[in-house]
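> Fold the following.
(2 chains)
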There are 2 protein chains.
Amino acid sequence: LKVMGVDPGSLVTGWGLVGGSSSRPVLIDSGRIRLPSSLCLAERMALLLRELGALVDRLEPDCAAVETPFHGASARSALQLAHARGVILAVLSTRGLPVSEYTPATVKKSITGNGRADKRQVEAMMVHLLGPQARGVSYDVPDALAVAVCHLAASSFVAAVEKASRDASAKSGRG
Amino acid sequence: LKVMGVDPGSLVTGWGLVGGSSSRPVLIDSGRIRLPSSLCLAERMALLLRELGALVDRLEPDCAAVETPFHGASARSALQLAHARGVILAVLSTRGLPVSEYTPATVKKSITGNGRADKRQVEAMMVHLLGPQARGVSYDVPDALAVAVCHLAASSFVAAVEKASRDASAKSGRG
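As a prediction, the model looks like this:
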């Protein structure tokens, strides 16, 4: 399963592609899409649409994961971020990728064991799990990797539950 | 000048194409893009991307106009609307259309003379200017038409100022 994690931003969007398994995640590639602040919002959104689309076409992930909006942020920055997030969801879903959304607290809890961990702790755990290339210039790359790893863990949990349920049905002859 | 006005919504996006001049605007076409609430947000944004793209390709507007977000709305609905707005700006700008943004107060003032007019007053003025087909099932179509007519008026004002400035330069021999 190749999971593309995306950390939306109105100026910088981080992304990370993670494969392997939830117990041994592997970083395949990661990077940042920069949107020049000299462009107007509409031009930045068009650039994000194009760049993320090209990235998905090149990397061919199986699915995608994005954090839900953080309501505590300032109204203005939350609105700008939601514009970028809308474009990102549209691009991913247009390419036929199932998109899973996780709250920031779920991602932090899944990665560090603490739903209130700070960004440095999340980054440190990403470096521990995926190696030094998980470290970003800023927190957008580790944040994108974290939501991808969170999805890998959630998928593996769901798959295990479904398998156990199938096995039980087969044993009882109801399968 | 064919102006496409868009009124973003996370479930229904109104649109209206207006031509003619600011003193005699003409309604060319209008409608609504509905996004089923049974779809998840990512699927709705993908649908909006596709439907609005097809519409722009068919109608070939010269430019587009969209209202800026209204900060007084509830945080949750403002965030959902900003997702749709991001997709709309990206589609319009990807098609090479210049996108102008106007505050709700500017649109209302330009249409009714009162920046605090309510939606019924805006709709009544749209029907007066453009005919009965400007009336919508809901307010999304008249709102989309209003921002288009506002842009027509703003463009005509800017053009008149630029022309006056060119004429003055020509007369003084500096042109």
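
> Report the contact partners of the closest residue to residue A:34 other than its chain neighbours.
Counting by CB to CB, 6 or more residues apart in numbering or on different chains, residue A:12 is the residue found nearest to residue A:34 once chain neighbours are left out, at 5.5 Å. All C-beta spots, glycine's among them, are computed from the backbone N, C-alpha and C. The contact partners of residue A:12, taken as CB atoms under 8 Å, 6 or more residues apart in numbering or on different chains, are A:32-35, A:138, A:140.

> Could you tell me which residues of chain A lie near chain B?
A:40-43, A:45-46, A:48-50, A:69, A:71, A:75-76, A:78-80, A:82-87, A:89-94, A:99, A:101 (CB under 8 Å from any CB of the partner chain).

> and with 7 Å instead?
By CB under 7 Å from any CB of the partner chain, the residues of chain A that approach chain B are A:41-43, A:45-46, A:48-50, A:69, A:71, A:75, A:78-79, A:82-87, A:89-90, A:92-94, A:99.

> From the residues you listed, which land in helices?
A:41-43, A:45-46, A:48-50, A:75, A:78-79, A:82-87, A:89-90, A:92-94 (DSSP state H).

> So which of the contacts of residue A:12 are in strands?
With strands taken from DSSP state E, the overlap with these comprises A:32-34.

> ranking the contacts of residue A:12 by neighbours, who comes first?
Sorting these by how many neighbours each has (other CB atoms under 10 Å in any protein chain shown) puts residue A:140 first, at 24 neighbours.

> If we ignore the residues flanking it in sequence, what's nearest that one?
residue A:14 (2.8 Å).

> Mind putting the contacts of residue A:12 into TSV with pLDDT?
Listed next are the contacts of residue A:12 as TSV, based on pLDDT from 0 to 100:
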residue	pLDDT
A:32	96
A:33	97
A:34	96
A:35	96
A:138	84
A:140	93
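
> From those residues, pick the one nearest residue A:146.
Nearest to residue A:146 among those is residue A:140, at 10.7 Å by CB to CB.

> Am I right that the closest one is in contact with residue A:11?
No - the criterion here is CB atoms under 7 Å, and residue A:140 misses it with residue A:11 at 9.8 Å.

> among the helices and strands of chain A, which one scores worst on average pLDDT?
Taking mean pLDDT, DSSP states H and E as the measure, the helix or strand of chain A with the lowest value is helix A:140-171, at a mean of 88.

> Which other helices and strands does it contact?
Under the contact criterion of 3 or more CB pairs under 7 Å, 6 or more residues apart in numbering or on different chains; DSSP states H and E, helix A:140-171 touches strand A:3-7, strand A:12-20, strand A:25-34, strand A:63-67, strand A:99-102, helix A:104-112, helix A:119-130.

> Compute the inter-axis angle for it and strand A:25-34.
Orientation check (axes from the mean of the first three to the mean of the last three CA atoms, to 10 degrees): helix A:140-171 against strand A:25-34 gives 140 degrees.

> could you check the angle strand A:3-7 makes with helix A:140-171?
Going by the same axes, to 10 degrees, helix A:140-171 makes 140 degrees with strand A:3-7.

> Can you go through the residues of chain A next to chain B and name the buried ones?
Taking 16 or more other CB atoms under 10 Å in any protein chain shown as the criterion, what is buried in those is A:41-43, A:45-46, A:48-49, A:69, A:78-79, A:82-87, A:89-90, A:92-94, A:99.

> Give me the distance between residue A:90 and residue B:46.
Using CB to CB, to the nearest Å, we find residue A:90 at a distance of 5 Å from residue B:46.

> ok, now which ones touch residue A:32?
A:12-14, A:140-141 (CB atoms under 7 Å, 6 or more residues apart in numbering or on different chains).

> Repeat the analysis, applying 6 Å as the threshold.
A:12, A:14, A:140 (CB atoms under 6 Å, 6 or more residues apart in numbering or on different chains).

> And residue A:166, by the same measure?
By CB under 6 Å, 6+ apart, the contact set of residue A:166 is empty.
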